[in-house]
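Q: next input, structure requested:
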Amino acid sequence: MKYWTTFLVMALFLVVSAINAQVSGRILDDKGESLPGASVVFKNTTKGVTTNASGYFNISSTPDTFTLVISYVGSKTKFVSTQRNARLNITLQEEIIEFAEVVIKSGENPALRIIRKAMEKRKELADTKDHFKTQAYTKGIVLSKAGFSRLKTMGIVDSSEVRDSAGNVILYLAESVTDYTKIGSDKKENILSSRRSGDTKGIALNFLQFFNIDFTENYIIFQKNVVNPIGNFAFQYYDYELEGSYYEGLQKYYKIIVKPKRKEEAVFFGSIYIADEYFTLKQVDLFTKGPNVGIEIMDSLIIKQTFQKIDGFEKWMPLAQSMAFKAGFFGINFEGSFIGMYNDYQLLPKDAVMPDKKTVIEFDKLAGKKSNEYWDSLRPIALTNGELLDYQKRDSLAIILESKPYLDSMDRIANKFKFKNILGYTFRNSYRNYSIGLTNTLASIMFNTVQGFYFHPNLIYQKRWEKYHDQLYLKLTPSYGFSENKLRYSSEATWRHRSAHSWRVSVMSGNDVDNYNTLEPIRPLANGFTNLVYKKNHGRFYNNKYVSLNGWYSLAPGLSAGGTITAQNRTTLLNNTNFSIRLKERDYKFNYPDEWDITTIDKESNAYTTKVTVNWQPGNKIIKLPDEEFNVSSDYPTFELTAINAWKLKSGDAKFNRINFNIKNIRIPLIVLGNIQANIFSGIFYGDKPQYMMDFAHFAGNKVDIKPLDTYLSSFKRLSYYEYSTNDKYATIFAEWNLEGFLFKKIPLLNKTGFNEIISFNGLITPEAKTVYEIGAGLDRLGFGAFRIFRADWYWSFDQNGYKRNGFVVGVNMAAILGAIGRN
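A: All right, here's what the predicted structure looks like:
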């Protein structure tokens, strides 16, 4: 026993010594202002810390005496010899930049020679295969000065209010320590420890791969491709000014000011520091604006990086990097930063291979269970008082906020019926994870010529089992048509399991009014509007009684399969109303597509179908949390193969065979010329071909002037809804080239609008119609500020006989509108 006592005393002594063996201090500029983000590193190592928002730092030390290298972008680097447990107050002087004596050609800008050499070096390094691992610390914080009650009403914060010394509400605060490995293009983060304020699981979302900026690439990818100041095309976008040079020891560095030629393009502003002789980046101090990177809600984005030469590495490796931003929407302003610090770089063998290329982020099972003492011992950026208080308060409240008494009390408040609940009401039991609600009440009142005005609210029950990642979803939608004087319904029961191998099983049934065009190219709201205002019944419907069993399973990252068995009874329907608001003297057309031969109408038919679909998107990856896994989509297209068979059980039943092959979400980046996006749909009927029109292949036409934006890459804009339906082979393509302001950014006045130019092409090929296509030209991102929710295009349509028609179409981002309504 005495040996265990001795061992325990020694262990406690070592722990206390390790905790006390720290150097702390504060770093200021020569005006006495704090320097947040200053780098404090042990000399001749990559081990170090960064100062917090108030300029303070703590750094653990092992030797009794050592030298710290203290640096900040734009300030003179200082070497400080000190000892364990010292407390330092350090002032950094502004870097004295001396104009360099550069041998240049007559009349040439002296910065250009340096930039050219840096470009050559960048190309060389871009072709170099990385094979290293390093340990990194990340920290993310998001703040807002907005009123707490408004933030809570919008669901942005919970019931705990914590403000920092500047009066900001802390919305997000998280840290992580990760082993980061990169071999060629393969990357992996092993999250060793993770902490997020107010989250009992401690899952931080500060993934390095989401904010890592690589200046060896030609472009820095955000919503737009921002031109790298030392990329191949940089001279077309930037002017440069050599401000001067300075020395750190014997190493000379150049400071070069980066000046965009056109401030509205996807460019950076600021300074870069380049090492003489090596001609690689030493420091980056750049900023840009939200519209420049295609993020309207963002006001500004600041990127800072510090690189260091490490023995054995061809590249100078990042030592510290930060991304700071300011943003705002719906009158609420935000600011935040994500910081990454790297140390202990290790070269891997050149023939090293990533063991698991599919998993890009993996949490240790105990990553979120580390103690406060653990974090205090290794945190390279000291917490501010506000951050410390946020952790203390939110972590204490987190358990309370998940307790039954608290959840029940909040439910009692939320479940009280209020006047606004006439639009929809949901009863919740948060502790037991279930809810039941009547939604879409007043908004569910629609109109069509078969039912007249009809009312179809949704009654929904949901139950979740978080431990098993399962969910039960039940929905019943009664639908009563006042002119038809008939009650219809649709129902769904779905069980979902969420994991890397997610699956879903559903049973559906109903007695619905369905569109003959199974793609439903005109939505109920638009159809009702054209009925009532223009007396045009674009939608034509049949009665569909059905029951179906559906299943879906994720086989591997990016690979899934699904199947459906359906039984249907279809009958014809007649118009039951001639009501309209305008043009009352007109009559609605017969409830069967004008383009189809009336002799093809069938009063009744049955269809018993099976459908099997396989989807594959190459390049998908996995993120493994401590208790679950999920897939991350790649930038590659999705390939979809579907086989549909209708089985004839008795005379008159539908009988056909169909195969579809689709390529969806095609995206071709064109660098500064924007990008091309496209979807390709194709199919063929073989053997028995369908005899009933609703079983034909249909195409998403359009005869209205306003369309939801989410349908643009899957629908025509000036094509009939039913004219080109076929029971043979077909192929369609929907493509658009978004120039992302390439032309407008170069034209005075127009460069202030923020509009994007778009050229569209939609095409169809069938044996009957031959070739039908339409060409469009228009502008996207119409609006102002963050509310750029409109698009306007003019389309010209053609068939094998030549020009057919043209017209104007306005696109609307309905999701943004509904989201804004929901928040206010």
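Q: and stretch 511-530, which residues are buried?
A: By 16 or more other C-beta atoms under 10 Å, the buried positions in stretch 511-530 come out as 511-517, 519, 521-524, 526-530. Every residue, glycine included, has its C-beta placed from N, CA and C.
Q: out of these, which are inside strands?
A: 511-515 (DSSP state E).
Q: pick the one among these closest to residue 769.
A: When these are compared for distance to residue 769 (C-beta to C-beta), residue 515 wins out at 20.4 Å.
Q: the closest one and residue 691, how far apart?
A: Distance of residue 515 to residue 691, given as C-beta to C-beta, to the nearest Å: 19 Å.
Q: and what of residue 668?
A: Using C-beta to C-beta, one obtains 41 Å as the distance from residue 668 to residue 691.
Q: look at the two and report which has more neighbours.
A: Between residue 668 and residue 691, counted using other C-beta atoms under 10 Å, the more crowded position is residue 691 (15 against 12).
Q: so which of the ones in strands among the buried residues of stretch 511-530 comes closest to residue 31?
A: Among those, residue 515 lies closest to residue 31 (C-beta to C-beta), at 70.0 Å.
Q: tell me the contacts of the closest one?
A: 521-522, 539-541 (C-beta atoms under 8 Å, 6 or more residues apart in numbering).
Q: now the closest residue to residue 80 other than its chain neighbours, which residues is it bridged with?
A: Distances taken as C-beta to C-beta, 6 or more residues apart in numbering put residue 68 closest to residue 80, at 4.7 Å, once the chain neighbours are dropped. Each beta-bridge partner of residue 68 is listed here, defined by DSSP bridges: residue 42, residue 80.
Q: try residue 508
A: residue 492, residue 548.
Q: distance check, the nearest residue to residue 167 once chain neighbours are set aside against residue 335.
A: Leaving aside its sequence neighbours, residue 167 sits nearest to residue 145 (C-beta to C-beta, 6+ apart; 6.1 Å). Computed with C-beta to C-beta, the distance linking residue 145 and residue 335 is 9 Å.
Q: those two - which one has more neighbours?
A: Ranked by neighbour count (other C-beta under 10 Å), residue 145 and residue 335 place residue 335 first, with 17 against 13.
Q: name the SS class of that one, please.
A: strand (DSSP: H, G, I helix; E, B strand; the rest coil).
Q: my read: it touches residue 323, true?
A: No - the pair residue 335 / residue 323 is not scored as a contact, 11.7 Å apart, by C-beta atoms under 8 Å.
Q: this structure: helices as residue ranges?
A: With helices called from DSSP state H, the chain shows them at 2-20, 110-126, 148-153, 208-211, 290-293, 372-378, 385-401, 404-414, 524-534, 814-823.
Q: can you flag the weakest of these by average pLDDT?
A: Mean pLDDT per stretch puts helix 2-20 lowest among these, at a mean of 35.
Q: got the buried residues for stretch 688-695?
A: Applying 16+ other C-beta under 10 Å to stretch 688-695 flags 690, 692-695 as buried.
Q: dump these to a markdown table, plus distance to residue 507 and pLDDT.
A: Converted to a markdown table, those look like this (distance: C-beta to C-beta, whole Å; pLDDT from 0 to 100):
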| residue | distance to residue 507 | pLDDT |
| --- | --- | --- |
| 690 | 26 | 96 |
| 692 | 25 | 95 |
| 693 | 28 | 95 |
| 694 | 22 | 96 |
| 695 | 23 | 97 |
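Q: turn those residues into TSV, columns for distance to residue 190.
A: Compiled in TSV, the buried residues of stretch 688-695 are given as follows (distance: C-beta to C-beta, whole Å):
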residue	distance to residue 190
690	54
692	57
693	57
694	53
695	52
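Q: return the member of those residues nearest to residue 313.
A: Closest to residue 313 out of these is residue 695 (63.4 Å), distances taken as C-beta to C-beta.
Q: grab the nearest non-local neighbour of the closest one.
A: Nearest one to residue 695, counting by C-beta to C-beta, 6+ apart, is residue 654 at 5.6 Å.
Q: contact partners for that neighbour?
A: Taking C-beta under 8 Å, 6+ apart, one finds 605-609, 646, 648, 690-692, 695 in contact with residue 654.
Q: one more time with 10 Å, if that's ok
A: Counting by C-beta atoms under 10 Å, 6 or more residues apart in numbering, residue 654 makes contact with 568, 570, 605-609, 646-648, 688, 690-692, 694-695.
Q: how near is the nearest residue to residue 227 once chain neighbours are set aside to residue 618?
A: The spatially closest residue to residue 227, leaving aside those adjacent along the chain, is residue 237, at 4.7 Å (C-beta to C-beta, 6+ apart). Relative to residue 618, residue 237 is positioned 33 Å away (C-beta to C-beta).
Q: this completes my enquiry, with thanks.
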